[in-house]
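>>> Got a sequence here, can you model it:
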Amino acid sequence: METIQRKAALLLCAVLAAGIGLPGCSTHSEHPGTYGTDTQEQEVTLKLYFPGDKKSAMGEVWSAVSSHVKEKGLNVKFDIRFIPLGDFKEKMLVMAASGDTWDMNFDGDWLSFNPMAAKGAYLALNELLPQYAPNLFARYQGQGTLGAASVNGQIVGLPWTIKMNQRQFAQWRSDLTEKAGINPAPGSLQTIEDVDQFLHQMKQAYPNERITRVGARAVYELRDEWVDLGFHHLGFYLHDPKVTVKAMEQQPFYKEAAAMTKKWYDDGIMNRDAMMDKEDGAAQWRNGKALFGWNSHEWIHANQGFSDPSYATQSSQLYPDRKFINRTPLANVVAINQNSRHPERVLRFLDMLETDKALYDLVQYGIEGKTYMIRNDRVVYPEGMKNTTSNYMEWGGQWALWKPQFMRANPAYDQDFWTKEAEFASLPNNVDSPVDGLFITEDNIKSFLVKRDQAIEEFDKPIIFGMVKDVDKAVGSYIELQKSNGLDPVIADVQRQIDAFLAAKK
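Alright, predicted model coming up:
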């Protein structure tokens, strides 16, 4: 019904505007010029969706958020809803296709943002954003990140304002290696050969321990400056100015990585159950069930929350001379539903969040004394709570609302943590992707992609986990299978879209 009413309103607006030149015709509940000024406005409820599980104090906290913004002239209540992370992408796509009405939701390029944006599920904000969220708009202008969240020139998402890079570091349990007399110099593990030698030393020192569940492919990708498009195992090389699309399985590093991973599997370094293991990898690391892995600059400097305080780690940046793309601004996004009845108020709320530290504390940490405590200038969990039992802190989807200017030190991050992350991302070899903001559509190649994905699931997984008997034979057969599945038309269509995207940027 809302969709029908909205279309009717749009049609009426168009007729009136064409007939008598009526200015300011809008299908929304507010009009330009009311930003933060109308204290008599009618109360409305904003329905917001986030991924994860709803924390027990969520209702009480957001009631306090409502009271706070009402004092500032924004008369809203909040209906905060959660969808389990594993169901979030499909659920959002179904809701959008059904024409459901909500106001704002979390999203990201790793969830449903690309297909939702491509299908027109999100409201274009080019005019509304500077009008109703001028402070947030100025922040984006300074960062230059709105282009990544635009489709055909229309801003359809609001990216987080964090800048970071997730290039690979090797990380290991240094308390155990030091005990075994294995003491690599800081920063000395830089190549895959260095890592291979080190892992064999660890296995010799701890023959009965589970060393790692990660294969070698990520390191080879870094070595060769490969950029994964996040689209059905297609990518390109960062040093290629033409951005030529290629299939991952046909690249030399693919077979090299498969051979190295098989070596680790055969030598007992790679966990034998790695392909079937569904346990969270971070939990295994925190609980001492893994001794080695790849990690990012963020997590080698964060407090990883080990279950045993005696655990210690050391790390080394891999291939520091190679270029690596920064994390996209679309990693964490909030977007406004095309059918939202109150987009202006969503934007006013987000603008307040950009400038109001007390509001930020409420949204991110909750109510002091109930959901968080301040100890030594650091936000900590109340007594008896931790991340897995918290009644509010670390709620799912808060990442898109992180504001570096207000973030407090917490159990994981020091006060200046995100400043250092931004500095690291700004180093010369950490660069933005030339196709950041590209939305690749599948409309012309869906049938080919179904077959490609089936083959990835059936044949790529054993290769990536080192479980094939003959690497050369397995990789060769897999390449031929993907060719027969229609690789050429897939690459041609994706290349066409990339070429058009790059041409439009010039």
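>>> lowest average confidence, helix or strand, in the protein?
Using mean pLDDT, DSSP states H and E, the weakest-scoring helix or strand in the chain turns out to be helix 2-20, at a mean of 37.
>>> nearest spatial neighbour of the one residue sitting closest to the centre of the chain, skipping sequence neighbours?
The chain has Ala331 as the residue nearest its centroid, 3.0 Å off, counting by CA atoms, centre = their mean. Take Ala331 and drop its neighbours on the chain: the residue closest to it by CB to CB, 6 or more residues apart in numbering is Gly108, 5.5 Å away. Bear in mind the C-beta positions are built from the backbone N, C-alpha and C, glycine included.
>>> go on, Tyr360?
Closest to Tyr360 by CB to CB, 6+ apart is Phe406, at 4.2 Å.
>>> So that neighbour versus Glu90, what's the distance?
Counting by CB to CB, to the nearest Å, the separation of Phe406 from Glu90 is 33 Å.
>>> More neighbours: those two, which one.
Phe406 (17 against 11; other CB atoms under 10 Å).
>>> which element is that one on?
Phe406 belongs to no helix or strand when assigned by DSSP states H and E.
>>> wait, it sits on Leu359?
No: taking contacts as CB atoms under 8 Å, Phe406 lies outside contact range of Leu359: 9.1 Å.
>>> Quick check: neighbours shared by those two?
Common neighbours of Phe406 and Leu359 are not found (criterion: CB atoms under 8 Å, 6 or more residues apart in numbering).
>>> What is the burial count for Gly86?
Residues near Gly86, counting by other CB under 10 Å: 9.
>>> Ok, Tyr132 next?
24.
>>> List the contacts of the residue lying closest to it once chain neighbours are set aside.
Counting by CB to CB, 6+ apart, Tyr132 lies nearest to Leu347, which is 3.8 Å off, once chain neighbours are set aside. Leu347 sits next to 125, 128-129, 131-133, 136, 336 when contact means CB under 8 Å, 6+ apart.
>>> could you redo the residues you listed as CSV and give each row pLDDT and distance to Glu458?
Listed next are those as CSV, based on pLDDT from 0 to 100; distance: CB to CB, whole Å:
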residue, pLDDT, distance to Glu458
Leu125, 97, 42
Leu128, 98, 46
Leu129, 98, 45
Gln131, 97, 51
Tyr132, 98, 49
Ala133, 98, 47
Leu136, 97, 45
Ile336, 98, 39
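>>> Need the max-distance pair from those residues.
The span of the contacts of Leu347, defined through CB to CB, is set by Gln131 and Ile336 at 13.5 Å.
>>> From the neighbour counts alone, determine which of these two ranks first.
Ile336 (25 against 18).
>>> Can you spell out which helices and strands pack onto the helix or strand hosting the more buried one?
For Ile336, the enclosing helix or strand under DSSP H and E is strand 333-336. The helices and strands touching strand 333-336, judged by 3 or more CB pairs under 8 Å, 6 or more residues apart in numbering; DSSP states H and E, are strand 104-107, helix 113-118, strand 158-159, helix 343-355.
>>> Quick check: neighbours of the first one in the sheet, parallel or antiparallel?
On the basis of DSSP bridges, the sheet neighbours of strand 104-107 come out as strand 44-51 (parallel), strand 333-336 (antiparallel).
>>> So what's the gap between the first one and the chain middle?
Translated: strand 44-51. 20 Å (CA atoms, centre = their mean, to the nearest Å).
>>> CA-only coordinates of it in PDB, if you can.
Taking Å, rounded to 0.1, in the frame of the first residue of the first chain, the C-alpha atoms of strand 44-51 are listed here in PDB:
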ATOM      1  CA  VAL A  44       7.400   9.800  14.400                       C
ATOM      2  CA  THR A  45       9.000   6.400  14.900                       C
ATOM      3  CA  LEU A  46      12.100   5.500  12.900                       C
ATOM      4  CA  LYS A  47      12.400   1.800  12.100                       C
ATOM      5  CA  LEU A  48      16.100   0.700  11.800                       C
ATOM      6  CA  TYR A  49      17.500  -2.700  10.900                       C
ATOM      7  CA  PHE A  50      20.900  -4.100  12.000                       C
ATOM      8  CA  PRO A  51      22.600  -7.500  11.700                       C
END
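>>> neighbours of Lys163, just the number please.
21.
>>> For it, which residues are in contact?
Counting by CB under 8 Å, 6+ apart, Lys163 has contacts 143, 326, 421-422, 425-426.
>>> same thing but at 6 Å, please
422, 425 (CB atoms under 6 Å, 6 or more residues apart in numbering).
>>> ok, now the one 4 residues further on?
With contacts defined as CB under 6 Å, 6+ apart, Arg167 is in contact with Phe324.
>>> related to what we said a few turns ago, among the strands paired with strand 104-107, which is the most enclosed?
strand 333-336 (a mean of 25; mean count of other CB atoms under 10 Å).
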